[in-house]
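Novice: quick one, structure for this:
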Amino acid sequence: MSELPGPARSPRGAFRREFAVTIVGIAAYVVLDIVAQLLPPHYSPVSQAESDLGVGPYGWVMNLNFVVRGVLSLALVAGLYRSWPNGAPRPSAGLALIGAWAVGAFLLAVAHADVSGPATVHGTVHLVTAFLAFLFAAVGIVVVSRSIPDHGPWRTLRPYAVGIAGLVAISLVVLFLGTGVPRIEHHWFGLLERIFLGSVLLWMLVVSLVLLRDGPTSPRPAPAPT
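Specialist: Sure thing, here's the model as predicted:
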């Protein structure tokens, strides 16, 4: 006797906590990022990387924010993993890549960037980690978005997720290509990086909001075995 795949589990009822943590975490991340930007030594948000905010007398604010980014990202991964519809192939590789991006955020909090002077070990670790984390996030978001099923609340989510995933991918390509052009790298890197980070957070926010708003209020029973 085999059991037919059941209908979608309830992201709104059973997994509300994970998506709520993601939404609150994104709000906290934006606030802390603004606070870190306003504090001395007043790094340029247009020309300097966000990671530079983690160096200086108030660098702990940005380093705390890296931790927040890791937590909110892991919360989203957990929510998607647990609420993915029965019978629909779960994008485990994509979720794992987003999880790797989250782990990278924790590492960025302790391996500080090199703002000036010769390269250091922790600065090199920070740079490599950031590069890989950005790549993992973009690929993971594209994979998950393309795997979203076309039924229930997921049908509402799919076009938004796929569209924003395209923005994530394009902004990452522009960012990486820009680092090879000295004029762009020295004058516009911070802005390009923030556009990429903003698109990643926007994707996470939209996914969480749509599944909370449109998800069923309680799990539906699985069909009886045949």
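
Novice: show the contacting residues for Val61.
Specialist: Going by CB atoms under 8 Å, 6 or more residues apart in numbering, Val61 touches 32, 35-36, 39, 53. Every C-beta, even on glycine, is put in place using the N, C-alpha and C of the backbone.

Novice: neighbours of the nearest residue to it once chain neighbours are set aside, how many?
Specialist: Using CB to CB, 6 or more residues apart in numbering and skipping the chain neighbours, the partner closest in space to Val61 is Ala36 (4.3 Å). Neighbour count of Ala36, defined by other CB atoms under 10 Å: 22.

Novice: quick check, Ala36 in contact with Tyr58.
Specialist: Yes: counting by CB atoms under 8 Å, Ala36 does reach Tyr58; the two are 6.6 Å apart.

Novice: before we move on, back to that, in the helix or strand containing the residue nearest to Val61, what's buried?
Specialist: Using DSSP states H and E, Ala36 maps to helix 16-38. Buried residues in helix 16-38, defined by neighbour count with 16 or more other CB atoms under 10 Å: 16, 18-19, 21-23, 25-26, 28-29, 32-33, 36.

Novice: next up, the contacts around the residue nearest to Val61.
Specialist: Ala36 neighbours (CB under 8 Å, 6+ apart): 53, 58, 61-62, 65.

Novice: per-residue pLDDT, the nearest residue to Pro45 once chain neighbours are set aside?
Specialist: The shortest distance from Pro45 to any non-neighbouring residue, by CB to CB, 6+ apart, is to Gly190 (5.3 Å). Listed pLDDT for Gly190 reads 96.

Novice: any idea how far Arg155 is from Gly190?
Specialist: Distance check for Gly190 against Arg155: by CB to CB, to the nearest Å, it reads 38 Å.

Novice: compare the two (neighbour count), which wins?
Specialist: Neighbours were counted for Gly190 and for Arg155 using other CB under 10 Å; Gly190 has more, 19 against 12.

Novice: can you check the pLDDT for the residue nearest to Gly79 when sequence neighbours are not counted?
Specialist: Spatial nearest neighbour of Gly79, chain neighbours left out: Glu18 (3.0 Å); criterion: CB to CB, 6+ apart. On pLDDT, Glu18 comes in at 94.

Novice: list the residues that contact Glu18.
Specialist: So Glu18 contacts 75-76, 78-79, 82-83 (CB under 8 Å, 6+ apart).

Novice: go with 6 Å
Specialist: Contact analysis of Glu18 by CB atoms under 6 Å, 6 or more residues apart in numbering lists 75, 78-79.

Novice: in a markdown table: the residues you listed, plus pLDDT.
Specialist: Below are the contacts of Glu18 laid out as a markdown table (pLDDT from 0 to 100):
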| residue | pLDDT |
| --- | --- |
| Ala75 | 97 |
| Ala78 | 96 |
| Gly79 | 95 |
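
Novice: distance of Val115 from Gly54?
Specialist: Distance from Val115 to Gly54, by CB to CB: 9 Å.
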